[in-house]
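[1] Need coordinates for the below:
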Amino acid sequence: MCGEIVLYKIDIQDVDHIFNALSESRKLHIMKLFGAPFMRTARPLFMLEELELEYELIPINPRVGAAKNTKDYAEYMSGVNPYGKVPTLVDDDFVLNESAVIVNYLCDQYGKGNYIPKAGSKERAKYDALCYTLVIEIDAQSLYMHRKHIGLKHIYGEAPTAVDAAKTYFEKQFPIYTKVLESNQYMFGDSITGLDILCTHTFLWAKSLGWYKDDLSYVNNYLGRMCARDSFKRAYEKHVPNTYTSGMKYVERYNSRNKL
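    Reported below is the predicted structural model:
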């Protein structure tokens, strides 16, 4: 998640069946999103749906692919993303990895002036700072420590002290990070941005771990608004049903409070 961002041209001559459709998709301008939606792939998936863009989701699970040395995964590494991580977006011959970067790229390229501040502006610098804080402090330094040393302990080993410290760190940082929602509808003002797509995924992840305990009413209301969006339903209901169900509970409570 926090690795180097790599931009490069794609060569599909040496890959097999999962890339055969790329040439045709370029003619039709149908983007390809490689990944597993229950991972961070859900972030760009949500953004693609929000922008109502044409895309094809190509399932790639790095953990399974690496463990079983599958052909699809080998082709993915040789032809799309040599790091072997997901998600990866292929837009014509432009290849981009890292979920937050993909979301912001989609906003810049296809948001029609909405969803993200103008590149190079001071507002964009503030927006970028919030994105970086989310993916580093809330995700990588906190939530992913749980994933790494509990969910993936067979790979990275158990580290209960590190996980406990990460949870304590999350409990300190999360209220600070989300305090803006006390006065704003969304994380960067009163209009939805790509940052909100990233935050919705991350906040629901924290909820799934039991680290976020619904103790901040303004966060609950925010999730109610975000999860009520049609784009959330299209992205999550089929691909990440457990998260979708969790999100709908926030919608129900939000609608009940507001008598909608």
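[2] Show me where the stretch 151-260 of the chain has its helices.
    153-156, 160-178, 194-209, 217-227, 230-236, 241-258 (DSSP state H, counting those that start in this stretch).
[3] Same list (those helices) but as CSV, adding mean neighbour count and mean pLDDT.
    From N, CA and C alone the C-beta is placed, and that goes for glycine too. Output for the helices of the stretch 151-260 of the chain, formatted as CSV (neighbours: other Cβ atoms under 10 Å; pLDDT from 0 to 100):
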stretch, mean neighbour count, mean pLDDT
helix 153-156, 12, 92
helix 160-178, 15, 98
helix 194-209, 24, 98
helix 217-227, 20, 98
helix 230-236, 20, 98
helix 241-258, 16, 95
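[4] Out of the ones you listed, which is closest to residue 43?
    Minimum separation from residue 43 across the helices of the stretch 151-260 of the chain (Cβ to Cβ) falls at helix 194-209, 5.0 Å.
[5] and the residue positioned nearest the centre of the chain, backbone torsions?
    The centroid of the chain falls nearest to residue 43 when counting by Cα atoms, centre = their mean (2.5 Å). Dihedral pair for residue 43: phi -70, psi -60, per degrees, to the nearest 10.
[6] in the chain, what spans have low per-residue confidence?
    1-28, 65-69, 260 (pLDDT under 70).
[7] For the closest residue in space to residue 257 that isn't next to it in sequence, give its distance to residue 159.
    Leaving aside its sequence neighbours, residue 257 sits nearest to residue 221 (Cβ to Cβ, 6 or more residues apart in numbering; 7.6 Å). Look at residue 221 and residue 159: by Cβ to Cβ, to the nearest Å, they are 35 Å apart.
[8] Over to residue 134?
    Using Cβ to Cβ, one gets 23 Å for the distance from residue 134 to residue 159.
[9] before we move on, what about residue 44?
    30 Å.
[10] Same drill for the two, tell me which one is more crowded.
    residue 44 (34 against 15; other Cβ atoms under 10 Å).
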